[in-house]
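Student: Turn this into a structure:
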Amino acid sequence: MGAVPFEALAFGKTADEAFSNAVEDATHMHGHAGYTGSIAEKSSFKVIPKQEHHGKQKRRYAHQLLEDGDERIRSKWGPAGAINCSGTTGAKRYREQYGLKGKHGDVWLFFGWASH
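Tutor: As a prediction, this is how the structure comes out:
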């Protein structure tokens, strides 16, 4: 089996809740069979510290980590990366799209490699 990059935005009161929401959405969308090439294949995540991505475009930074083979997220069997996107234009759009405006929580970008 190969590996493909994935990314998923999700909302939650905590990073753990957002991760669970992202996995649940991907499982619903891609099925329960495994090897979906999505976040549904992940069981954990590693938060990328804010000081690393502060002032940078979040998706672009995530793609750079994937391209560089960052050791924290390079394994298809290891954790996903997680970047808090709250306050960004993308997060505001996500909140509006899903009716989350005014709700307590954060928008997270999860990314990495998944088996396919």
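Student: Would you check how far apart residue 2 and residue 68 are?
Tutor: 19 Å (CB to CB, to the nearest Å). For every residue, glycine as well, the C-beta is placed using N, CA and C.
Student: and stretch 38-54, how far apart are its ends?
Tutor: Distance across stretch 38-54, first residue to last, is 26 Å (CA to CA, to the nearest Å).
Student: Which secondary structure elements does the top helix by length along the chain sit against?
Tutor: The helix that spans the most residues within the chain, counting by DSSP state H, is helix 15-30. When contacts are defined as 3 or more CB pairs under 8 Å, 6 or more residues apart in numbering; DSSP states H and E, helix 15-30 packs onto strand 3-12, strand 45-47, strand 80-84, strand 106-115.
Student: who does the shortest one pair up with?
Tutor: This points to strand 45-47. Using DSSP bridges, the strands paired with strand 45-47 are strand 80-84 (parallel).
Student: Need the phi and psi values for residue 59.
Tutor: phi -70, psi -40 (degrees, to the nearest 10).
Student: Next, the contact list for it, please.
Tutor: If you count contacts by CB atoms under 8 Å, 6 or more residues apart in numbering, residue 59 has them with 7, 90, 109.
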